[in-house]
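**Q** Next input, structure requested:
(one chain, ligands or ions: 1)
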Amino acid sequence: MLKRCVFSAIQPTGIPTLGNYGVLKKWVDLQNDYNCVFMVADLHSLTSKQDPDVLKKNSLDLFALLISIGLDPNKSIIYFQSHISQHAELTWILNCYTGIGELFRMTQFKEKSKKNKKNINSGLLVYPVLMAADILLFDANLVPVGKDQKQHIEFCRDIAIRFNKIFGPCFEVPNELIQIVGEKIMSLQEPNKKMSKSDPNLNSTIFLLDSERDIIKKIKRAVTDSENIIKFAENKLGINNLLNIFCSIKNVSLNYAEFFFRDKNYSDLKNILAEEISINFNIIQEKYNKIRSDEDKLYQVINLGCKKAKLIAEKKIKKIKKTIGFA
Ligand code: AQP
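**A** Residues are numbered from 1 along each chain as shown. All right, here's what the predicted structure looks like:
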């Protein structure tokens, strides 16, 4: 039987966070059982303002980090979105089968427009169409994402079903793969908001390249409450988040985490958590420093991914164009 295809992506908008890390770890595991395609979503990143030099640096840093975490360029296709022009072509086609109302209803569009009132560009509105084009171009069956992306995958499914109804079977209809543990890591300072690369408050976010000292400092400053009881509860957003981070890093259940910390206090929780994060990130950082210091070799890996992705994307777009009647 043909192996099923997994597709996922990450934007080069900064160094990945502890929130992104949960999804990236999942990508590494999936490589053994699926044909995997992982993309650096540089076209998507233009929906927020980017300085060209910073974008280039962030893109190369991110690519090197993906390899350091354990993505294997010989097993998986790892590439830059902007190297494959078929993403933009398919986006245009899908735009013409998408209602404007559907896009205005998207939670991410509403949230990002509220957060960034000075830059509500049309890319932000059609972001889900580009994301659907990414996934459908590779006929992905499964898309591992954080909970925040669930609505976009539902949109992608809708558009694939709509297209298939009009033209006959053309696209695989994908399913999302959302892990329960670490599904949404929240800001350390405002635990009602998701942890984000672009949060201006650096104490809110732990980055994959943070030093041990910074990790300890940020975890120590993380918002908790005055109860000193370690358990999940509706009104304990800060503690819920710290426990969730523990589960995500250690790959354990929420019940196990509560049991593990049953007779410990907040200070123990923070010390243990900072140590666990530092151990994990230290291993990644050592590999990263090696990979990032040899740019020629890094570009060889980038070119390999581009070649492999192009083969699939060219074939697929040809088929789509024929299906919709382009001469
Ligand atoms: N806090 C989070 N918890 C769990 N999963 C998360 N993801 C992002 N933040 C969290 C998941 O990481 C993958 C890659 O995300 P992305 O970089 O493409 O875009 P994003 O969701 O917009 O991430 P950020 O960190 O919030 O970036 P900025 O600040 O640039 O907007 C996705 O699968 C996402 O679900």
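**Q** Residue 313 versus residue 157, what's the distance?
**A** 20 Å (CB to CB, to the nearest Å). (C-beta placed from N, C-alpha, C; glycine too.)
**Q** of those two, who's got more company?
**A** More crowded of residue 157 and residue 313, by other CB atoms under 10 Å: residue 313, with 22 against 19.
**Q** Could you find the closest non-adjacent residue to the more buried one?
**A** residue 86 (4.0 Å; CB to CB, 6 or more residues apart in numbering).
**Q** Neighbours of that neighbour, how many?
**A** By other CB under 10 Å, neighbour count at residue 86 equals 20.
**Q** I'd say it and residue 317 touch.
**A** Yes - assessed by CB atoms under 8 Å, residue 86 is found in contact with residue 317 at 4.3 Å.
**Q** what sits in contact with each of these two?
**A** With contacts taken as CB atoms under 8 Å, 6 or more residues apart in numbering, the residues that reach both residue 86 and residue 317 are residue 137.
**Q** for stretch 308-317, the distance to its chain's centre please.
**A** How far stretch 308-317 lies from its chain's middle: 22 Å, per CA atoms, centre = their mean, to the nearest Å.
**Q** swap in stretch 290-310?
**A** That offset, for stretch 290-310, works out to 20 Å (CA atoms, centre = their mean).
**Q** Show me what the mean pLDDT comes to for that stretch.
**A** When pLDDT is averaged along stretch 290-310, the result is 98.
**Q** Likewise for stretch 194-206?
**A** pLDDT averaged over stretch 194-206 gives 93.
**Q** now swap in stretch 55-64 and tell me
**A** Averaging pLDDT along stretch 55-64 yields 98.
**Q** List the buried residues of that stretch.
**A** If you call a residue buried by 16 or more other CB atoms under 10 Å, then stretch 55-64 has these buried ones: 55, 58, 59, 60, 61, 62, 63, 64.
**Q** next one: stretch 217-230
**A** For stretch 217-230, burial by neighbour count (16+ other CB under 10 Å) applies to 218, 219, 222, 223, 224, 230.
**Q** okay, that stretch in PDB with CA atoms only?
**A** Extracted in PDB, the C-alpha atoms of stretch 217-230 (Å, rounded to 0.1, in the frame of the first residue of the first chain):
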ATOM      1  CA  LYS A 217      14.800  33.600  34.200                       C
ATOM      2  CA  LYS A 218      11.700  33.400  32.000                       C
ATOM      3  CA  ILE A 219      10.300  30.400  33.800                       C
ATOM      4  CA  LYS A 220      10.900  32.000  37.200                       C
ATOM      5  CA  ARG A 221       9.000  35.100  36.100                       C
ATOM      6  CA  ALA A 222       6.100  33.100  34.600                       C
ATOM      7  CA  VAL A 223       2.700  34.200  36.000                       C
ATOM      8  CA  THR A 224       1.100  31.700  38.500                       C
ATOM      9  CA  ASP A 225      -1.300  32.400  41.400                       C
ATOM     10  CA  SER A 226      -1.100  32.600  45.200                       C
ATOM     11  CA  GLU A 227      -2.600  29.100  46.000                       C
ATOM     12  CA  ASN A 228       0.700  27.100  45.800                       C
ATOM     13  CA  ILE A 229      -1.400  24.000  44.700                       C
ATOM     14  CA  ILE A 230      -0.200  22.300  41.500                       C
END
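**Q** buried ones in stretch 33-40?
**A** For stretch 33-40, the buried set under the neighbour-count rule, 16+ other CB under 10 Å, comprises 34, 35, 36, 37, 38, 39, 40.
**Q** From those residues, pick the one nearest residue 143.
**A** Proximity of the buried residues of stretch 33-40 to residue 143 (CB to CB) peaks at residue 37, which lies at 10.2 Å.
**Q** gap between the helix or strand hosting that closest one and the chain center?
**A** Element membership for residue 37 (DSSP states H and E) is strand 35-40. Chain-centre distance of strand 35-40: 11 Å, with CA atoms, centre = their mean.
**Q** Could you tell me which residues of the protein lie near the ligand?
**A** 9-11, 13, 17, 19-20, 22-23, 41, 145-146, 148-149, 184-185, 194-198 (CB under 6 Å from any ligand atom).
**Q** Now the buried members of those.
**A** With burial judged by 16+ other CB under 10 Å, the buried subset of the residues of the chain next to the ligand is 9-11, 13, 17, 19-20, 22-23, 41, 145-146, 148-149, 185, 194-197.
**Q** Does residue 322 lie in a helix or a strand, and which?
**A** Using DSSP H and E, the element containing residue 322 is helix 295-324.
**Q** lowest-pLDDT helix or strand in this structure?
**A** Counting by mean pLDDT, DSSP states H and E, the chain has its least confident helix or strand at strand 175-177, which shows a mean of 87.
**Q** Spell out which strands sit alongside that one in the sheet and which way each one runs.
**A** Sheet pairing of strand 175-177 (DSSP bridges) gives strand 142-144 (parallel).
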